[in-house]
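1. Build the 3D model from these lines:
(one chain, ligands or ions: 1)
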Amino acid sequence: MAIRELKVCLLGDTGVGKSSIVCRFVQDHFDHNISPTIGASFLTKTVPCGNELHKFLIWDTAGQERFHSLAPMYYRGSAAAVIVYDITKLDSFQTLKKWVKELKEHGPEDIVVAIAGNKNDLGDIREVPMKEAKEFAESIAAIFIETSARNAVNVEELFQKITLHIQFPKTLFSDISRRHVSDLHQVLQHF
Ligand SMILES: Nc1nc2c(ncn2[C@@H]2O[C@H](COP(=O)(O)OP(=O)(O)OP(=O)(O)O)[C@@H](O)[C@H]2O)c(=O)[nH]1
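-> As a prediction, this is how the structure comes out:
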(Lines give C-alpha, C1' and ligand atoms only; values in the text may rest on other atoms or scores of the structure.)
Protein backbone atom coordinates (compact mmCIF):
# COMPACT_ATOMS: atom_id res chain seq x y z
CA MET A 1 0.00 0.00 0.00
CA ALA A 2 1.38 3.42 -0.93
CA ILE A 3 2.22 5.75 1.93
CA ARG A 4 1.49 9.41 1.50
CA GLU A 5 3.23 11.72 3.94
CA LEU A 6 1.32 14.81 5.03
CA LYS A 7 3.12 17.48 6.98
CA VAL A 8 0.70 19.21 9.33
CA CYS A 9 1.50 21.99 11.78
CA LEU A 10 -0.53 23.28 14.70
CA LEU A 11 -0.54 26.98 15.45
CA GLY A 12 -2.34 29.13 18.02
CA ASP A 13 -2.08 30.89 21.36
CA THR A 14 -0.43 29.27 24.32
CA GLY A 15 -2.79 27.13 26.39
CA VAL A 16 -5.48 26.61 23.74
CA GLY A 17 -4.82 22.87 23.68
CA LYS A 18 -2.65 22.20 20.61
CA SER A 19 -0.50 19.56 22.34
CA SER A 20 -3.59 18.05 23.93
CA ILE A 21 -5.26 17.67 20.53
CA VAL A 22 -2.16 15.98 19.13
CA CYS A 23 -1.85 13.77 22.20
CA ARG A 24 -5.50 12.76 21.88
CA PHE A 25 -5.10 12.03 18.17
CA VAL A 26 -1.84 10.10 18.38
CA GLN A 27 -2.08 8.39 21.77
CA ASP A 28 -5.77 8.72 22.63
CA HIS A 29 -4.70 10.23 25.93
CA PHE A 30 -5.40 13.46 27.82
CA ASP A 31 -3.07 14.94 30.42
CA HIS A 32 -4.57 17.57 32.76
CA ASN A 33 -1.06 18.67 33.77
CA ILE A 34 0.53 18.90 30.34
CA SER A 35 3.47 21.34 30.16
CA PRO A 36 3.71 24.20 27.68
CA THR A 37 5.60 23.24 24.54
CA ILE A 38 9.15 24.54 24.22
CA GLY A 39 10.02 25.28 20.58
CA ALA A 40 7.99 22.52 18.93
CA SER A 41 7.36 18.83 19.21
CA PHE A 42 7.01 16.22 16.52
CA LEU A 43 4.74 13.19 16.38
CA THR A 44 3.44 10.93 13.63
CA LYS A 45 0.35 8.89 13.06
CA THR A 46 -0.49 6.69 10.10
CA VAL A 47 -4.09 6.05 9.12
CA PRO A 48 -5.51 3.97 6.28
CA CYS A 49 -7.28 6.13 3.76
CA GLY A 50 -8.89 4.61 0.66
CA ASN A 51 -6.18 2.72 -1.20
CA GLU A 52 -3.38 4.57 0.59
CA LEU A 53 -1.87 5.00 3.99
CA HIS A 54 -1.66 8.58 5.15
CA LYS A 55 1.21 9.31 7.46
CA PHE A 56 0.65 12.57 9.33
CA LEU A 57 3.93 14.26 10.21
CA ILE A 58 2.69 16.55 12.96
CA TRP A 59 4.56 19.60 14.14
CA ASP A 60 3.05 20.93 17.34
CA THR A 61 4.41 24.46 17.75
CA ALA A 62 4.78 26.43 20.97
CA GLY A 63 2.16 29.13 21.43
CA GLN A 64 4.19 31.38 23.70
CA GLU A 65 5.04 34.66 22.02
CA ARG A 66 8.80 34.16 22.47
CA PHE A 67 8.65 31.21 20.05
CA HIS A 68 6.63 32.99 17.36
CA SER A 69 9.60 33.56 15.07
CA LEU A 70 10.18 29.78 14.79
CA ALA A 71 6.78 29.13 13.26
CA PRO A 72 7.77 29.56 9.59
CA MET A 73 10.07 26.54 9.91
CA TYR A 74 7.03 24.45 10.69
CA TYR A 75 4.39 25.85 8.36
CA ARG A 76 6.80 25.97 5.43
CA GLY A 77 6.17 22.87 3.31
CA SER A 78 3.09 21.92 5.30
CA ALA A 79 0.12 20.42 3.50
CA ALA A 80 -2.15 21.68 6.26
CA ALA A 81 -2.16 24.03 9.22
CA VAL A 82 -4.50 23.53 12.15
CA ILE A 83 -5.03 26.85 13.87
CA VAL A 84 -6.45 26.31 17.31
CA TYR A 85 -8.30 28.73 19.57
CA ASP A 86 -9.94 28.20 22.95
CA ILE A 87 -13.71 28.78 22.81
CA THR A 88 -13.54 30.24 26.34
CA LYS A 89 -10.92 32.88 25.40
CA LEU A 90 -11.84 35.61 22.97
CA ASP A 91 -8.20 36.75 22.84
CA SER A 92 -7.20 33.38 21.43
CA PHE A 93 -9.62 33.90 18.54
CA GLN A 94 -7.97 37.26 17.77
CA THR A 95 -4.59 35.50 17.78
CA LEU A 96 -6.01 32.93 15.36
CA LYS A 97 -6.88 35.73 12.93
CA LYS A 98 -3.26 36.93 13.07
CA TRP A 99 -2.09 33.41 12.21
CA VAL A 100 -4.47 33.30 9.26
CA LYS A 101 -3.01 36.59 8.01
CA GLU A 102 0.56 35.38 8.47
CA LEU A 103 -0.15 32.13 6.62
CA LYS A 104 -1.78 34.04 3.78
CA GLU A 105 1.26 36.31 3.46
CA HIS A 106 4.07 33.83 4.10
CA GLY A 107 2.67 30.29 4.10
CA PRO A 108 2.53 27.79 1.22
CA GLU A 109 0.07 28.91 -1.44
CA ASP A 110 -2.02 25.75 -1.40
CA ILE A 111 -1.96 25.04 2.33
CA VAL A 112 -5.18 23.61 3.74
CA VAL A 113 -6.26 25.64 6.76
CA ALA A 114 -8.33 24.06 9.51
CA ILE A 115 -9.74 26.11 12.36
CA ALA A 116 -10.33 24.20 15.58
CA GLY A 117 -12.29 25.73 18.46
CA ASN A 118 -11.01 23.62 21.33
CA LYS A 119 -12.36 23.03 24.87
CA ASN A 120 -15.94 22.74 23.74
CA ASP A 121 -16.58 20.77 26.93
CA LEU A 122 -16.49 24.21 28.60
CA GLY A 123 -19.49 25.59 26.69
CA ASP A 124 -20.94 27.22 29.82
CA ILE A 125 -18.06 29.71 29.93
CA ARG A 126 -17.82 30.17 26.16
CA GLU A 127 -16.60 33.57 24.88
CA VAL A 128 -16.46 32.80 21.15
CA PRO A 129 -19.84 32.06 19.54
CA MET A 130 -19.66 29.06 17.23
CA LYS A 131 -21.57 30.92 14.53
CA GLU A 132 -19.00 33.73 14.41
CA ALA A 133 -16.07 31.32 14.15
CA LYS A 134 -17.81 29.22 11.52
CA GLU A 135 -18.60 32.27 9.40
CA PHE A 136 -15.02 33.45 9.67
CA ALA A 137 -13.77 30.01 8.57
CA GLU A 138 -16.16 30.02 5.62
CA SER A 139 -14.97 33.48 4.59
CA ILE A 140 -11.43 32.14 4.17
CA ALA A 141 -12.50 28.72 2.81
CA ALA A 142 -11.09 26.96 5.86
CA ILE A 143 -12.25 23.79 7.56
CA PHE A 144 -14.07 24.52 10.80
CA ILE A 145 -14.66 22.23 13.74
CA GLU A 146 -15.08 22.51 17.50
CA THR A 147 -13.12 19.93 19.48
CA SER A 148 -12.57 18.74 22.98
CA ALA A 149 -9.22 17.07 23.48
CA ARG A 150 -10.33 16.32 27.01
CA ASN A 151 -13.51 14.46 26.02
CA ALA A 152 -12.18 13.11 22.72
CA VAL A 153 -14.74 15.04 20.71
CA ASN A 154 -14.10 15.68 17.01
CA VAL A 155 -10.34 15.15 17.17
CA GLU A 156 -10.30 12.22 14.70
CA GLU A 157 -12.84 14.12 12.62
CA LEU A 158 -10.52 17.13 12.42
CA PHE A 159 -7.78 15.05 10.79
CA GLN A 160 -10.32 13.22 8.67
CA LYS A 161 -11.54 16.53 7.26
CA ILE A 162 -7.97 17.54 6.50
CA THR A 163 -7.39 14.30 4.62
CA LEU A 164 -10.53 14.80 2.58
CA HIS A 165 -9.59 18.37 1.70
CA ILE A 166 -6.17 17.23 0.58
CA GLN A 167 -7.65 14.42 -1.51
CA PHE A 168 -10.37 16.56 -2.98
CA PRO A 169 -8.96 20.10 -3.09
CA LYS A 170 -11.37 22.98 -3.34
CA THR A 171 -14.34 20.80 -2.35
CA LEU A 172 -16.53 22.44 0.25
CA PHE A 173 -17.97 19.58 2.25
CA SER A 174 -21.30 21.29 2.71
CA ASP A 175 -21.59 21.03 -1.07
CA ILE A 176 -20.03 17.77 -2.18
CA SER A 177 -20.53 17.18 -5.85
CA ARG A 178 -22.07 13.85 -6.87
CA ARG A 179 -19.00 12.48 -8.57
CA HIS A 180 -17.11 12.67 -5.29
CA VAL A 181 -19.68 10.91 -3.18
CA SER A 182 -18.66 7.32 -3.90
CA ASP A 183 -14.97 8.17 -3.50
CA LEU A 184 -15.72 9.83 -0.19
CA HIS A 185 -17.60 6.77 1.04
CA GLN A 186 -14.58 4.69 0.14
CA VAL A 187 -12.25 6.98 2.04
CA LEU A 188 -14.47 7.28 5.09
CA GLN A 189 -15.03 3.57 5.56
CA HIS A 190 -11.29 3.13 6.07
CA PHE A 191 -11.11 5.63 8.94
N1 LIG B 1 -11.30 21.56 29.57
C2 LIG B 1 -10.38 21.32 28.63
N3 LIG B 1 -9.08 21.59 28.87
C4 LIG B 1 -8.19 21.36 27.89
C5 LIG B 1 -8.57 20.85 26.63
N6 LIG B 1 -7.46 20.75 25.86
C7 LIG B 1 -6.44 21.17 26.62
N8 LIG B 1 -6.87 21.53 27.84
C9 LIG B 1 -6.05 22.05 28.96
O10 LIG B 1 -5.52 23.30 28.56
C11 LIG B 1 -4.19 23.48 29.06
C12 LIG B 1 -3.21 23.79 27.93
O13 LIG B 1 -3.15 22.66 27.05
P14 LIG B 1 -1.94 22.44 26.02
O15 LIG B 1 -2.29 21.28 25.19
O16 LIG B 1 -0.64 22.42 26.75
O17 LIG B 1 -2.01 23.81 25.21
P18 LIG B 1 -1.03 24.29 24.03
O19 LIG B 1 -1.86 25.06 23.07
O20 LIG B 1 -0.27 23.14 23.47
O21 LIG B 1 -0.04 25.27 24.81
P22 LIG B 1 1.47 25.70 24.38
O23 LIG B 1 2.29 24.45 24.36
O24 LIG B 1 1.92 26.66 25.46
O25 LIG B 1 1.39 26.37 23.06
C26 LIG B 1 -3.86 22.18 29.83
O27 LIG B 1 -4.14 22.39 31.19
C28 LIG B 1 -4.82 21.17 29.24
O29 LIG B 1 -5.11 20.13 30.16
C30 LIG B 1 -9.95 20.56 26.40
O31 LIG B 1 -10.39 20.12 25.34
N32 LIG B 1 -10.81 20.83 27.44
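2. residue contacts, the residue nearest the centre of the chain?
-> Central residue of the chain (CA atoms, centre = their mean): residue 82, 2.8 Å from the mean position. Contact analysis of residue 82 by CB atoms under 8 Å, 6 or more residues apart in numbering lists 8-11, 18, 21, 114-116, 158, 162. Placement of C-beta: from N, CA and C, glycine included.
3. same thing with residue 71?
-> Applying CB under 8 Å, 6+ apart to residue 71 gives the contacts 9, 11, 61, 102.
4. can you map out the strands along the protein?
-> With strands called from DSSP state E, the chain shows them at 2-11, 40-49, 52-61, 80-86, 112-118, 143-146.
5. Sheet-wise, list the partners of the first one with their directions.
-> So that's strand 2-11. strand 52-61 (parallel), strand 80-86 (parallel) (DSSP bridges).
6. Go through the strands of the chain and pick out the most buried.
-> By mean neighbour count, with neighbours taken as mean count of other CB atoms under 10 Å, strand 80-86 ranks first of those at a mean of 27.
7. buried stuff in the lengthiest helix in the chain?
-> Longest helix in the chain, counting residues (DSSP state H): helix 90-106. In terms of neighbour count (16 or more other CB atoms under 10 Å), helix 90-106 has its buried residues at 92-93, 95-96, 99-100, 102-103.
8. That one vs the ligand: in contact?
-> No - using CB under 6 Å from any ligand atom, helix 90-106 never reaches the ligand; the gap is at least 8.9 Å.
9. helices and strands around that helix, which ones?
-> Helix 90-106 is packed against helix 71-75, strand 80-86, strand 112-118, with contacts defined by 3 or more CB pairs under 8 Å, 6 or more residues apart in numbering; DSSP states H and E.
10. 7 Å - rerun?
-> strand 80-86, strand 112-118 (3 or more CB pairs under 7 Å, 6 or more residues apart in numbering; DSSP states H and E).
11. now those strands as a markdown table including distance to the ligand and mean pLDDT?
-> Putting the helices and strands packed on helix 90-106 into a markdown table (distance: least, CB to the nearest ligand atom, whole Å; pLDDT from 0 to 100) gives the following:
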| stretch | distance to the ligand | mean pLDDT |
| --- | --- | --- |
| strand 80-86 | 6 | 98 |
| strand 112-118 | 5 | 98 |
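12. one step back: quick one: closest of the strands of the chain to residue 168.
-> strand 112-118 (10.8 Å; CB to CB).
13. tilt between that closest one and strand 80-86?
-> Angle, strand 112-118 to strand 80-86, by axes from the mean of the first three to the mean of the last three CA atoms, to 10 degrees: 20 degrees.
14. If anything else comes up later, I'll come back, but that's it for now.
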